[in-house]
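Asker: with the input below, show me the fold.
(4 chains)
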Number of protein chains: 2
Amino acid sequence: MTLPRLKRSTLGDDVYDTLRSAVLEHVMKPGDRVNIDGLARDLEVSPTPVREALARLESEGLVRKRPLAGYTVSPLLTRAEFNDMFDMRLLLECAAARWAASRATTAQRSELLTESVRTIEGGDDRQWHAAFTALDAHLHDLIAAASGSPLLRESIARLHAHLHLHRRYFPYAQTAVTNDEHQQIATAINATDPDAAEAAMRLHLTRARERHLVAFQE
Amino acid sequence: MTLPRLKRSTLGDDVYDTLRSAVLEHVMKPGDRVNIDGLARDLEVSPTPVREALARLESEGLVRKRPLAGYTVSPLLTRAEFNDMFDMRLLLECAAARWAASRATTAQRSELLTESVRTIEGGDDRQWHAAFTALDAHLHDLIAAASGSPLLRESIARLHAHLHLHRRYFPYAQTAVTNDEHQQIATAINATDPDAAEAAMRLHLTRARERHLVAFQE
DNA sequence: AGTTCGTCGATCCTATAGGATCTTTCCTGG
DNA sequence: CCAGGAAAGATCCTATAGGATCGACGAACT
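Answerer: From the prediction side, this is the model:
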């Protein structure tokens, strides 16, 4: 019998989750100054757990720290940084798809298939975008988990956090295409076809990069 | 005229560097409990910067945190984790070598050649091992930097920190082989030969894995 | 008019104190 | 001799206060 190990969360962890969500959902916008005392007041905690949470967020690159001048939310990605991120995604996620195709368990394959056909309906723009982003992140994490490499999964998760530093962009018209690409990856992994899985992932990421690149044309 | 931007370091950063070195050099051994108040007394600072440093170290996986029970130094790698780490190194560092071969600047190529022929002499066992490890890490970082991808370089650096979680092992008899492998990589990169650079890196890592694997045979 | 200096306000950084929790040790009973 | 429970000690977690530094505004000088 395995008990779910009741999670004894600390205040610092709660603050961390809250701040992380705020940055990822652009409630705290890139470039914003982060006032430790102010945040502590708003969250009704002491500055100490806030400092702890910010130290972790800085280690992940979501906020920047200037000594004796405070924290600021990390600025938006430059075009070069954006391209670098997608180069990394191609490197990591293509390998993840390949490994997942050869090593995933039966349960992982079926869950991947199930999730890949889900679609997001209803809600206003903000809700819809949040839900779609979450689903996308979840799918990619499923593949990363199925790769059987904890380190690879963690690296991909870290990278996806940086993706949120990118300017918000709503590819409404292309969700059908995105869903189709996801399904092709899932199908290839389910069929234990590493080559096809890697190719499908490469195609998906290459197209996703192009879809997002329009944000830099202004 | 460019001034070297005097670094205004904070106490928290100093504590972080100190603790990080202590963990990496096994002054604080895997599994050891970390006493916040005790460390603050020893370092003659308040617990606050110590907490901040530990939060960052936890984010990097060098220490673990159990709520309401304190921090402990991360345990030694299991055999599975060790293999996973080298799978990741193969994925990341082979790509780094390939990219470095095609994109490195002239200055980077020459520095890589210079450093790859350096050897470590003298000192007692501890000093010698520390110097050799530092040189190895420096070489791999040079290649990662020459890849032109900041994210890739950071990922590799993060991975190398985990390498120190591995049991100490002194391959005295094999340093000549290691040096030779390093030089082959450097030569290939200098010759702008991506295929050879990747192959040399793959060979180096594969052999390094075997050299370290003996630590698990007991 | 432009620049420099000094003061003010805000913020960060560090230090200390009190409450809650876990670990350890000791004791009792079977 | 071993298992279970309780109390003491140590530690972590949180809250608050004081010192130091940075940025900004205004005045005086060149």
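Asker: residue of chain A closest to DNA strand C, please.
Answerer: Shortest chain A-to-DNA strand C distance, computed as C-beta to the nearest atom of the strand: residue-wise this is A:Gly70, at 3.2 Å. The C-beta positions use only the backbone N, C-alpha and C, and glycine is treated the same way.
Asker: tell me who's in contact with the residue in chain A that DNA strand D sits nearest to.
Answerer: Per C-beta to the nearest atom of the strand, A:Leu11 is where chain A lies closest to DNA strand D, at 2.4 Å. Listed by C-beta atoms under 8 Å, 6 or more residues apart in numbering or on different chains, the contact set of A:Leu11 reads A:45, A:49.
Asker: I'd guessed the residue of chain A closest to DNA strand C sits against A:Arg33; true?
Answerer: Yes - in this structure, A:Gly70 is within contact of A:Arg33 by C-beta atoms under 8 Å, at 6.1 Å.
Asker: give me the pLDDT value at the nearest residue to A:Arg79 once chain neighbours are set aside.
Answerer: The shortest distance from A:Arg79 to any residue that is not its chain neighbour, by C-beta to C-beta, 6 or more residues apart in numbering or on different chains, is 5.0 Å, and that residue is A:Phe216. The score at A:Phe216 is 80. That number is its pLDDT.
Asker: what of A:Leu152?
Answerer: The confidence metric pLDDT takes the value 98 at A:Leu152.
Asker: partners of the residue of chain A closest to DNA strand C in the sheet?
Answerer: For A:Gly70, the beta-bridge assignment (DSSP bridges) gives partners A:Arg66.
Asker: ok, it - contacts?
Answerer: In this structure, A:Gly70 makes contact with A:33-36, judged by C-beta under 8 Å, 6+ apart.
Asker: so of those residues, which ones are in helices?
Answerer: Counted as lying in helices by DSSP state H, out of these, are A:Ile36.
Asker: turn the contacts of A:Gly70 into TSV, columns for distance to DNA strand C, neighbour count and pLDDT.
Answerer: As requested, the contacts of A:Gly70 are exported to TSV (distance: C-beta to the nearest atom of the strand, whole Å; neighbours: other C-beta atoms under 10 Å in any protein chain shown; pLDDT from 0 to 100):
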residue	distance to DNA strand C	neighbour count	pLDDT
A:Arg33	7	12	87
A:Val34	6	20	89
A:Asn35	4	13	88
A:Ile36	4	14	88
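Asker: got phi/psi on the most centrally placed residue in chain A?
Answerer: If you average the C-alpha coordinates of chain A and look for the closest C-alpha using C-alpha atoms, centre = their mean, you land on A:His160, 3.2 Å from that point. Here the main-chain torsion angles of A:His160 (degrees, to the nearest 10) amount to phi -60, psi -30.
Asker: please apply the same query to A:Thr72.
Answerer: Listed backbone geometry of A:Thr72 is phi -140, psi 150, with angles given as degrees, to the nearest 10.
Asker: could I get the contacting residues of it?
Answerer: A:31-34, A:63-64, A:66.
Asker: helix, strand or coil: sort out A:Arg126 for me.
Answerer: Secondary structure of A:Arg126, reduced to three states by DSSP: H, G, I helix; E, B strand; the rest coil: helix.
Asker: up against DNA strand D, what does chain A have?
Answerer: A:10-12, A:44-49, A:68-69 (C-beta under 7 Å from any atom of the strand).
Asker: what about 10 Å?
Answerer: Those residues of chain A that sit near DNA strand D, judged by C-beta under 10 Å from any atom of the strand, are A:8-15, A:37, A:40-41, A:43-53, A:66-70.
Asker: got a PyMOL select line for the buried ones in these?
Answerer: This is the PyMOL syntax for the buried subset of those, where burial follows 16 or more other C-beta atoms under 10 Å in any protein chain shown:
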select buried, chain A and resi 11+12+13+15+40+43+45+48+49+50+51+52+53
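Asker: so which of the residues of chain A next to DNA strand D are in helices?
Answerer: Among these, the members found in helices (DSSP H) are A:11-15, A:37, A:40-41, A:43, A:47-53.
Asker: any low-confidence regions in chain A?
Answerer: Along chain A, segments meeting pLDDT under 70 span A:1-9, A:122, A:167-173, A:217-218.
Asker: now do the strands in it.
Answerer: With DSSP state E as the definition, chain A shows strands at residue ranges A:33-34, A:63-66, A:70-73.
Asker: and the residue lying closest to A:Leu76 once chain neighbours are set aside, how close does it get to A:Gly61?
Answerer: Excluding its sequence neighbours, the residue lying closest to A:Leu76 (C-beta to C-beta, 6+ apart) is A:Pro30, at 4.8 Å. Computed as C-beta to C-beta, to the nearest Å, the A:Pro30 to A:Gly61 distance reads 12 Å.
Asker: A:Ala53 too?
Answerer: Counting by C-beta to C-beta, the gap from A:Ala53 to A:Gly61 is 14 Å.
Asker: again, but for A:Val73
Answerer: When C-beta to C-beta is the yardstick, A:Val73 and A:Gly61 sit 11 Å from each other.
Asker: of these two, which one has the most company?
Answerer: A count of neighbours by other C-beta atoms under 10 Å in any protein chain shown puts A:Val73 above the other of A:Val73 and A:Gly61, at 22 against 14.
Asker: so that one touches A:Val34, yeah?
Answerer: Yes - when contacts are counted by C-beta under 8 Å, A:Val73 is listed as touching A:Val34 (6.5 Å).
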